[in-house]
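Chemist: only geometry, no sequence info:
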């Protein structure tokens, strides 16, 4: 079966610019997650969706980050405006219920 | 904060068993031990999980101590492709939002 797809794979922007990442989960997976992974650290959960509803966004910096999952399939994570400290890999994952999570390859963001 | 403690790095000779330890002394009775690994430039990959019994699958074995305060992930015959960061995570199985990754153990398999 196809895995979790993410695009773009790499993005370089100037600080204060905006950026958007796209994720297509595994077909049939109702739960979708966005993680931020800073270099040298483990992934940190930003937001979790169950279908098109938000389950947990407690660690999402809501003043600059937003995410949506229209129609309960694809999802978009946006940063506006970006800061230097947002440089990281943004990982999308999906799961079927409470089963293990399947991760995409990630988007590496560099903010200059 | 992560609920586990792992060594920062380990080396293993190719073909030998790799034994990766994890301490989780504050684990609750309903929390499972999960292991994921992350190969360079890829997303994390699920390996195995268990509650209190030892578990084995095609990738690895998981040994959990009787008091459940620590566990060991065993890769029986490590290959160069097993070089990765290995994460030990404790969580309640039905609460997917409780996946707290620490820094993990960087395993280097050497020829």
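Modeler: Received, thanks. Quick caveat, the model's predicted, so the values are computed rather than measured. Residues are numbered from 1 along each chain as shown, chains lettered A, B, ... in the order given.
Chemist: what about the strands in chain A?
Modeler: A:5-7, A:10-13, A:19-24, A:31-37, A:44-50, A:53-56, A:65-68, A:75-79, A:88-95, A:102-103, A:107-111 (DSSP state E).
Chemist: Contacts made by the last one with the rest, please.
Modeler: Counting contacts by Cβ atoms under 8 Å, 6 or more residues apart in numbering or on different chains, the residues outside strand A:107-111 that touch it are A:6-15, A:19, A:21, A:79, A:82-90. Just so you know, the C-beta spots here come from the backbone N, C-alpha and C atoms, and that holds for glycine as well.
Chemist: now the angle from it to strand A:88-95?
Modeler: 150 degrees (axes from the mean of the first three to the mean of the last three Cα atoms, to 10 degrees).
Chemist: Strand A:107-111 pairs with which strands, and in what direction?
Modeler: Its sheet considered, strand A:107-111 pairs with strand A:10-13 (parallel), strand A:88-95 (antiparallel) by DSSP bridges.
Chemist: Where does the prediction get shaky in chain B?
Modeler: For chain B, the stretches flagged by pLDDT under 70 are B:1-2, B:93-97.
Chemist: For residue 55, which non-adjacent residue is spatially closest?
Modeler: Defaulting to chain A. Of all residues not flanking residue A:55 in the chain, residue A:48 sits nearest, at 4.4 Å (Cβ to Cβ, 6 or more residues apart in numbering or on different chains).
Chemist: oops, I was thinking of chain B
Modeler: Computed as Cβ to Cβ, 6+ apart, the closest residue to residue B:55 that is not its neighbour in sequence is residue B:62, at 4.5 Å.
Chemist: helices and strands around the helix or strand hosting the one you found, which ones?
Modeler: Following DSSP states H and E, the helix or strand that holds residue B:62 is strand B:61-64. Here strand B:61-64 touches strand B:31-38, strand B:45-50, strand B:55-56, strand B:70-75, going by 3 or more Cβ pairs under 8 Å, 6 or more residues apart in numbering or on different chains; DSSP states H and E.
Chemist: Adding mean neighbour count and mean pLDDT, write the strands of chain A out as CSV.
Modeler: As requested, those are exported to CSV (neighbours: other Cβ atoms under 10 Å in any protein chain shown; pLDDT from 0 to 100):
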stretch, mean neighbour count, mean pLDDT
strand A:5-7, 17, 97
strand A:10-13, 14, 98
strand A:19-24, 19, 98
strand A:31-37, 24, 96
strand A:44-50, 21, 94
strand A:53-56, 14, 91
strand A:65-68, 18, 97
strand A:75-79, 19, 98
strand A:88-95, 24, 96
strand A:102-103, 22, 95
strand A:107-111, 18, 98
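Chemist: No further queries at this time; thank you.
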